[in-house]
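*Asks:* predicted model and sequence follow; I will ask about them next.
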Amino acid sequence: MPYTGAVRKRKNTSDDTEEVRAIMDESPLPIIDDTTGLSAGYRALWRLKYLGLSIFGPAERTVTASPRERIKWDRAYKVFKAHEAAGTQPDAQTIYTVGRMEPRRRPQ
């Protein structure tokens with residue numbers, strides 16, 4: 001079966017609950033629209049960094065090795081943590097983006 005990069009749902013036969021299993025996706029991460037917890041200065045510097053990496057950065061790499069994808073993930077992770085601290089629910093795009101990569105360092 002060819003790799004589709006989609007999220008698949010399957011029925012668990014033991015108790016009929018749905019389990020969502022994400023398959024590693026090599027498509028580029030989205031730039032999230034939610035700016036919860038991000039200052040105007042951070043957003044401006046982030047755009048400059050992203051633009052610089054787009055022009056002067058390395059050639060195409062896998063999602064996990066690309067610096068452009070890493071800064072998109074870092075931004076989504078900051079928004080996710082800001083929602084967590086505020087006790088609100090982040091949008092689906094933020095949750096999807098955060099779920100695609102792992103933090104560089106595990107919290108201790």
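*Replies:* Great, that's in hand.
*Asks:* could you identify the helix or strand that succeeds the lowest-mean-pLDDT helix or strand in the chain?
*Replies:* Taking mean pLDDT, DSSP states H and E as the measure, the chain has strand 18-22 as its least confident helix or strand, at a mean of 37. Per DSSP states H and E, strand 18-22 leads on to helix 40-56 as the next helix or strand towards the C-terminus.
*Asks:* against which helices or strands is that following helix packed?
*Replies:* Judged by 3 or more C-beta pairs under 8 Å, 6 or more residues apart in numbering; DSSP states H and E, the packing partners of helix 40-56 are helix 67-86. C-beta here means a position set from N, CA and C on the backbone, and glycine is covered the same way.
*Asks:* now do the buried residues in the helix it packs on.
*Replies:* 68-73, 75-76, 78-80, 82-83 (16 or more other C-beta atoms under 10 Å).
*Asks:* over to stretch 92-100?
*Replies:* By neighbour count on 16+ other C-beta under 10 Å, the buried set for stretch 92-100 is Gln93, Thr94, Tyr96, Thr97, Val98, Arg100.
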